[in-house]
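[1] Here is the input, now give the coordinates:
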Amino acid sequence: MRGWQRRYEATNSILPIPMSTRSRLALTHGVRYQQAADGSNSNTTATNSNTGATPTSSLHMRFKQMAVSALAVTTVLSQFSLPEPASAGMLAADPVKNANALLRYALPIKNQPIRRIQKELEQISEDLRIPGSKSLGPVAKRVRFAASTLDKEEKTIRASFAAANVKDGDAAIAKLRAGLKEFQTLIDNEDKQEVPIKQQEVLSYVGDIEQAMVDGFPFEVPSEYANLPQLKGRATLEMKIKFKDPREDNATGGLFKIVVDGYNAPVSAGDFVDLAKKGFYDGMDIQRADGFVVQTGKPSGGEGYVEGGQVRRIPFEVMVEGDKVPVYEETLEDNGRYNEQPVLPFNAFGTLAMARSEFETNSASSQVFFLLKESELTPTGSNLLDGRYAVFGYITEGSELLKEMQVGDKIEYCKVVSGYENLVLPKKSAPAVVDEQPSSSTE
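    Numbering: from 1, shown residues only. The predicted model follows:
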């Protein structure tokens, strides 16, 4: 048994915050805290037998029990003197919430001109909040800036292309230049409704330019994880959902498009892509849907994917901004880095992460969850999940379907549509895991 696969001693934690903070919470707000701990609140007695997770112990319910209003939450947290969230580059003033934007920012590149173009074009979303045609002035200014920067800095941008990607990069530059000209025409015609569509189109070209700058895989995954599948790049998957009964407007289901990011979470993403390719998720039920997360991946009669007679365990994994290699085996809190920002944060509706036992960091296997981020626990850029659960991708299309999903809905299929060539399979089977792990959850 590898060291990271050992059983961790369970503690009586309520929220994933430092024990010193939990102690002050118990002393200052003892009644509410005890109710949250022992489930004495009459509204929290149900259990979810499909996932092994009990609402009485979920982060969401506990948080609501400890603070009945946003004001109370603010007061409680300020009393604890919790550290302020990191003021990371892309999240400094106005945190990025769009899944595609997060994935663009997460690419391992350092070209400043293309990043400036991206930033200006991303900010158009904020400009469009200005009512009426008044927003078109700021939008036009950003489009002109992007076009001017592209013209002035094209040589610098092209210099960052990987040798094997120059042709693709040049094609993307040509598309971006043409798209920006069309964008300006839309603005001149005051066609505000078409602006967000054109914005996403030109940003897709920016993403293609940035992808052309990635030269191979940026780091070596630690050798102790060589027995696990690893995604050395990105992959796109399609997941089809069938509702157990019709929903609003007689909807019977829908499709997700998911992008998983091996540049920042190669082991977690590799596990998911490998299982999807094997058809592991096909026909599987949605096992938790509580308005906080949508969770699946627990096989019948087990806790995770069984390989060689043993459950395949995945170590905790998170890339921190500024690091060259992910942090493994310890959460950022346990690592003393709780004030730092993950490259893949829980910012977007439909963030995809590994589910695991609350008290055993390295107990993930096949269970995953999608975050529905309308929650007191998950304010963008400052939440209780970043650095504690391993994010490895985002729903980039169809995330609104999450709101309609219920326990018992079914995954018709989850298939890899591109990027499978980036999956590196282990040459040897996974070693035996001798200790039995408890139920995975996002508690």
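
[2] from here on, contacts and neighbour counts on C-alpha atoms
    Noted.

[3] ok, V320 to L344 distance?
    Distance, V320 to L344, by Cα to Cα, to the nearest Å: 8 Å.

[4] Neighbours of the nearest residue to M213 once chain neighbours are set aside, how many?
    Spatial nearest neighbour of M213, chain neighbours left out: F161 (4.2 Å); criterion: Cα to Cα, 6 or more residues apart in numbering. Neighbourhood size, F161 [other Cα atoms under 10 Å]: 23.

[5] three-state assignment of V416?
    Using DSSP: H, G, I helix; E, B strand; the rest coil, the structure places V416 in strand.

[6] V320 and L344: which has the busier surroundings?
    L344 (29 against 20).

[7] so who does the more buried one touch?
    Contact analysis of L344 by Cα atoms under 8 Å, 6 or more residues apart in numbering lists 102-103, 106, 264, 318-319, 391-393.

[8] now, which of these lie within helices?
    102-103 (DSSP state H).

[9] and of the contacts of L344, the nearest to S399?
    Closest approach between the contacts of L344 and S399, by Cα to Cα: G393, at 12.5 Å.

[10] What's the local residue count around the nearest residue to N165 once chain neighbours are set aside?
    Nearest residue to N165 in three dimensions, chain neighbours excluded: A212, at 5.2 Å (Cα to Cα, 6+ apart). Neighbour count for A212, taken as other Cα under 10 Å: 23.

[11] quick one: pLDDT of A212?
    Per-residue confidence for A212 comes out at a pLDDT of 98.

[12] For A164, see how far away it is.
    8 Å.

[13] Specify the local secondary structure of E210.
    Quick answer, by three-state DSSP: E210 is helix.

[14] just so I have it, where are all the strands in the stretch 301-443 of the chain?
    Counting by DSSP state E, counting those that start in this stretch, the stretch 301-443 of the chain has strands at residues 306-307, 310-311, 317-318, 327-328, 351-354, 368-371, 391-397, 410-418, 423-424.

[15] looking at those strands, which is buried most?
    Counting by mean count of other Cα atoms under 10 Å, strand 317-318 has the highest mean neighbour count of the strands of the stretch 301-443 of the chain, with a mean of 29.

[16] who's in contact with it?
    By Cα under 8 Å, 6+ apart, the list of residues contacting strand 317-318 reads 264-265, 267-268, 326-331, 342-344, 387, 390-391.

[17] partners of it, with directions?
    Applying DSSP bridges, strand 317-318 is found paired with strand 327-328 (antiparallel).

[18] Run through who's touching stretch 199-210.
    When contacts are defined by Cα under 8 Å, 6+ apart, stretch 199-210 is touched by residues 104, 107, 109, 114, 117-118, 121-122, 124, 168-170, 172-173, 175-176, 179-180, 183.

[19] thinking again about what came up before, nearest to V306 among the contacts of L344?
    F392 (21.1 Å).

[20] Would you agree the closest one is in contact with A353?
    Yes. The pair F392 / A353 is scored as a contact, 5.7 Å apart, by Cα atoms under 8 Å.

[21] ok, F219 touching M319?
    No. Applying Cα under 8 Å, one finds F219 not in contact with M319, separated by 11.6 Å.

[22] quick one: which of those two has more around it?
    Taking other Cα under 10 Å, F219 and M319 do not tie; M319 has more neighbours (25 against 12).

[23] Tell me who's in contact with the residue lying closest to that one once chain neighbours are set aside.
    In this structure, M319 finds its nearest non-sequential neighbour in P326, 4.0 Å apart by Cα to Cα, 6+ apart. Shown in contact with P326 (Cα under 8 Å, 6+ apart): 264-265, 317-320.
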